[in-house]
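>>> Okay, predicted coordinates and the sequence, questions at the end:
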Amino acid sequence: MSDPSGTTESAAPPAAPEKPARSGRIRLPGSGRAWVFVAPVLLALAVVIGYPVVRAVVMSFQKDSGLDAATGMFVQGGGAGFDNYTHWLLQQCQLPDGSVESCPTGNLGSQFWAAIGITLLFTVVTVLLETALGLGMASVMGKTFRGRAVLRAAVLIPWAIPTAVTARLWEYMFQYDGVVNHLFGTHILWKTDPWPSRFAVIVADVWKTTPFMALLLLAGLQVIPGDVYEAARVDGASAWQRFTRITLPLLKPALLVAVLFRTMDALRLYDLPAIMMQGNPSTRTISMLVVDQVRQGPNSASALSVITFLMIFAVAFLLVKVLGANAVATQEEQRKAH
Amino acid sequence: MALNKMAPRRRSLVSRAALAAASAALLTAAFTSACSSSGSSNPLAENLSGRGPITYVEGKDTTETGVVKQLVERWNAAHADEKVTFKEQSNDASQQYDDLAQHLGAKQPDYDVMALDVPWTAEFAAKGWIQPLKDSFSIDTSTLLSPTVASATYKGTLYAAPRNTNGGLLFYRKDLIQSPPKTWSELLADCNVAKSHAIDCYAGQFKNYEGLTVNAAEVINAYGGTFVGPDGKTPTVNSPQSRAGLQVLVDSFKDGDIPKEATSFTETESQNAFAQGKLLFLRTWPSFYGPANADSAATKGNTGVAPLPGKDGIGASTLGGYNAAISAYSKNKATALDFLRFLISEDAQHIVADGALPSVRASLYDDPALIAKMPYLPALKDSIASAVPRPVTPFYPAVSKAISENAYAALTGSKSVDDAITGMQKGIEAAGS
């Protein structure tokens, strides 16, 4: 990753100004020895990650096997060019006679942008809610009071429950004659109507992952030295000022890591909506679309996977680039100010 | 200050996290690459006379009597040199499919005879994974219920032996109505009875999943509609008959004869609703007969069973069940063929029927001992006799999605019946792309 701020701080540990060797042992030239040690790992990665990835990319440019009209048997498809990609991105379907038209309802190709939209919706809403709630929980847990240890353990419970179990749990609560409808006296079809079902998935996901967020943020809060707050208080800073001027900037590195982790998680969300909503198309994320497609045609599914990968990579890159640079700049400014 | 030192480490952690996420995404991509296949020589012409021990593959045997175990024991007692080993898969249908697809895609010879869920048969046939049962490999199907044979036939060739079948039935409240309705209009007329008892009238499985394909197909078939032509590819659903069928369901939802929450019903929810006494009629599978008469059910002793209603008479049930097929990569195909012949024999089918799996032999539905145990058998026989197999097509998953998604849109009012049927037609046409 390049360093956008152009400062001397780089992501990699500084290699140039070597400390004097601890003993008088003879050393290989630095980079050469490093390669010897790193090579086995690189080789292993090339075999277990590189090969399948390259193969997936190659497959994404091949046609899925189609029916031979005369024999009714499947035949291999051959090269597809960018057809698999236009199938998803432009929602174009090829008809048996070779003509191309926009994919009809029920065809997975027609669900690409909807799935992208739902994935992004889940990601933005859940990460925002989890960050806000997690921050609140972390502040409470960070205070010293009786029973703090019990509270911290209790808060972790939702995170400790396996996702599949969480999904079933909330599925029961959101059933038509379930707890939620009874509690509020409503008659909402939480499991089938589009917006209620999306809402239900978001509630379940926030319930499950906020503790994780809270824990990461708590760790960040605890490294902020207490005397900083004390000094601010002496100088007459209000609670809000202390939060925005001290807590937030100093918490930023931890916050960034937490947000990035959760964003990645949310972008590949599969199990929660799959188990909780089964086939409900209004909660179909991009990962669920990939799995559905694998059964219908592996080459087309490869193209979809590659698109998904690029999307997640782009989001990760943006987050690191924008927020990451910002976090470093903030630290720098602070150092200069001292 | 400690914080300043932390900054570069945090950043590298962040970029590493990004890399980790990126590789996770790529692994998803890699996962799909494991499912490809290629072809060379013709395995369908090999090992035709091979004899020896074979492996029979089927999902978890959930019958109380242990049907598969009994079948295998019966066969092994008579064939010491050609013993059958039962390989039990999980009880989840999509996992069974994936397991079979992986073994056959990799041309593994370790599965000899496999139980295929009815709608998979055409796809497996078109992929050249299973042995066509013609010429020297033909089996006698004259004593079997003809819709079950149709479900195992692709492009005019039989590819599997029907093992057990299944048909939808209309469960009704014996205590509230005298005789079950034979047609849809009779059923809808009976909805007054439901109203006077403050319960809902009719339900099936209308959640957007495979069950909806089955339910929608049954009504569309009952009104004379069809889905694909005999080539397994050409869509035929765009007809006034199909529209009339789907319209019945849409109107029933509109009028409240089918409760709104039925759009969230799978087998479990719909059967719970009936067993709790909230429904006058329920369309479901025969295996519900036991639970509907269980001590905990509000319908104990009051559950009647009838064939599904149709347009002018008995309706068209969608066919479930399993077919048994010989793997193209089996080494002992002659033994496998004998085993298929055994599976459809009177002897074997009696074991199947006794395990409460609907038999593929018509004669067993008249067996008094079996009827005493399963009083729904006569109704089931009528239901299966007029049943229609699910669309026989190598693109079944895509065709099923085209049906269920469009039907769901029509039932929930987001599409007109006209648009939904046109959508199904287009969806089936684009299946495979």
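Noted; the coordinates are in hand. Residues are numbered from 1 along each chain as shown, chains lettered A, B, ... in the order given.
>>> ok, how many other residues are close to residue 252?
By default, I'm working from chain A. Residues lying near A:Lys252 (other C-beta atoms under 10 Å in any protein chain shown) number 20. To be clear about C-beta, it is placed using only N, CA and C from the backbone, and glycine gets the same treatment.
>>> actually chain B
B:Ser252, neighbours per other C-beta under 10 Å, totals 22.
>>> Run through the residues that contact it.
The contact partners of B:Ser252, by C-beta atoms under 8 Å, 6 or more residues apart in numbering or on different chains, come to B:188, B:201-202, B:258.
>>> can you rerun that using 6 Å?
Shown in contact with B:Ser252 (C-beta atoms under 6 Å, 6 or more residues apart in numbering or on different chains): B:Ile258.
>>> Repeat that for B:Pro53.
Counting by C-beta under 6 Å, 6+ apart, B:Pro53 makes contact with B:Lys83.
>>> Where is the longest helix in chain A?
In chain A, taking DSSP state H as the definition, the longest helix is helix A:112-142.
>>> tell me the angle whatever helix or strand comes next after it makes with helix A:112-142.
Remark: after helix A:112-142, the chain's next helix or strand is helix A:148-155, criterion DSSP states H and E. Relative orientation of helix A:148-155 versus helix A:112-142 (axes from the mean of the first three to the mean of the last three C-alpha atoms, to 10 degrees): 170 degrees.
>>> helices or strands up against the longest helix of chain A?
The elements that helix A:112-142 packs onto, with contact taken as 3 or more C-beta pairs under 6 Å, 6 or more residues apart in numbering or on different chains; DSSP states H and E, are helix A:194-222, helix A:248-267, helix A:286-296.
>>> Tabulate those in TSV, adding columns for mean pLDDT and distance to chain B.
Converted to TSV, the helices and strands packed on helix A:112-142 look like this (pLDDT from 0 to 100; distance: least, C-beta to the nearest C-beta, whole Å):
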stretch	mean pLDDT	distance to chain B
helix A:194-222	94	9
helix A:248-267	90	4
helix A:286-296	90	5
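>>> quick one on the thing from earlier: so what's the gap between the longest helix of chain A and the chain middle?
Offset of helix A:112-142 from its chain centre (C-alpha atoms, centre = their mean, to the nearest Å): 10 Å.
>>> what's the angle from it to helix A:248-267?
Between the axes of helix A:112-142 and helix A:248-267, defined by the same axes, to 10 degrees, the angle is 140 degrees.
>>> Can you list the buried residues in helix A:112-142?
Using 16 or more other C-beta atoms under 10 Å in any protein chain shown as the burial criterion, the residues of helix A:112-142 that qualify are A:112, A:115-116, A:118-123, A:125-127, A:129-131, A:133-135, A:137-138, A:141-142.
>>> Name the nearest residue to A:Thr285, sequence neighbours excluded.
Distances taken as C-beta to C-beta, 6 or more residues apart in numbering or on different chains place A:Thr119 nearest to A:Thr285, at 4.6 Å, with adjacent residues excluded.
>>> Touching, the one you found and A:Met288? I think so.
No: contact criterion C-beta atoms under 6 Å: A:Thr119 and A:Met288 do not qualify, at 9.2 Å.
>>> For residue 262, which residues are in contact?
Using chain A here. Residues near A:Arg262 by C-beta under 6 Å, 6+ apart: A:127, A:130.
>>> wait, chain B
B:Ala262 makes contact with B:203, B:206, according to C-beta under 6 Å, 6+ apart.
>>> B:Ala356 too?
Contacts for B:Ala356 were tallied using C-beta under 6 Å, 6+ apart; there are none.
>>> so how far is B:Pro291 from it?
Remark: distance between B:Ala356 and B:Pro291 (C-beta to C-beta, to the nearest Å) = 12 Å.
>>> Any part of the helix or strand harbouring B:Glu218 near chain A?
Assigned by DSSP H and E, B:Glu218 belongs to helix B:210-222. No: applying C-beta under 6 Å from any C-beta of the partner chain, one finds helix B:210-222 out of contact with chain A, separated by at least 8.0 Å.
>>> now that helix: mean pLDDT?
Averaged across helix B:210-222, the pLDDT comes to 95.
>>> Direction-wise, compare the helix or strand just after that helix with helix B:210-222 and give the angle.
As assigned by DSSP H and E, the chain's next helix or strand after helix B:210-222 is helix B:240-255. Between helix B:240-255 and helix B:210-222, the angle comes out at 120 degrees (the same axes, to 10 degrees).
>>> so what does the helix or strand following helix B:240-255 touch, helix or strand wise?
Later in the chain than helix B:240-255, the nearest helix or strand by DSSP H and E is helix B:267-275. Applying 3+ C-beta pairs under 6 Å, 6+ apart, we find helix B:267-275 packed against strand B:279-284.
>>> Restrict the strand it packs on to CA atoms and write it as PDB.
Output of strand B:279-284 as PDB, limited to C-alpha atoms (Å, rounded to 0.1, in the frame of the first residue of the first chain):
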ATOM      1  CA  LEU B 279     -57.500 -23.800   8.800                       C
ATOM      2  CA  LEU B 280     -60.400 -25.600   7.100                       C
ATOM      3  CA  PHE B 281     -58.300 -26.900   4.200                       C
ATOM      4  CA  LEU B 282     -54.600 -27.500   3.700                       C
ATOM      5  CA  ARG B 283     -52.700 -28.800   0.700                       C
ATOM      6  CA  THR B 284     -49.700 -30.800   1.900                       C
END
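>>> Each with direction, which strands does it pair with?
Strands that pair with strand B:279-284, judged by DSSP bridges, come out as strand B:169-173 (antiparallel), strand B:200-203 (parallel).
>>> Count the neighbours of B:Ala398 for me.
Counted with other C-beta under 10 Å, residues neighbouring B:Ala398 total 24.
>>> for A:Ala153, same thing?
If you count neighbours by other C-beta under 10 Å, A:Ala153 ends up with 10.
>>> What distance do you get for it to B:Leu133?
For A:Ala153, the distance to B:Leu133 - C-beta to C-beta - is 63 Å.
>>> A:Trp88 now?
Using C-beta to C-beta, A:Trp88 is found at 39 Å from B:Leu133.
>>> Compare these two (neighbour count), which wins?
Comparing A:Trp88 with B:Leu133 by other C-beta under 10 Å, the one with more neighbours is A:Trp88, at 25 against 22.
>>> Spit out the contact partners of the more buried one.
Going by C-beta under 6 Å, 6+ apart, A:Trp88 touches A:112, A:304, A:307.
>>> Closest one of those residues to chain B?
A:Leu304 (8.1 Å; C-beta to the nearest C-beta).
>>> which residues of chain B score low on pLDDT?
Applying pLDDT under 70 to chain B picks out residues B:1-40, B:433.
>>> Dead centre of it: give me the residue that sits there.
In chain B, the centroid-proximal residue (C-alpha atoms, centre = their mean) is B:Gly320; its distance is 4.2 Å.
>>> Correct me if wrong: that one contacts B:Asn166.
Yes: look at B:Gly320 against B:Asn166 with C-beta under 6 Å: they come within range, at 3.3 Å.
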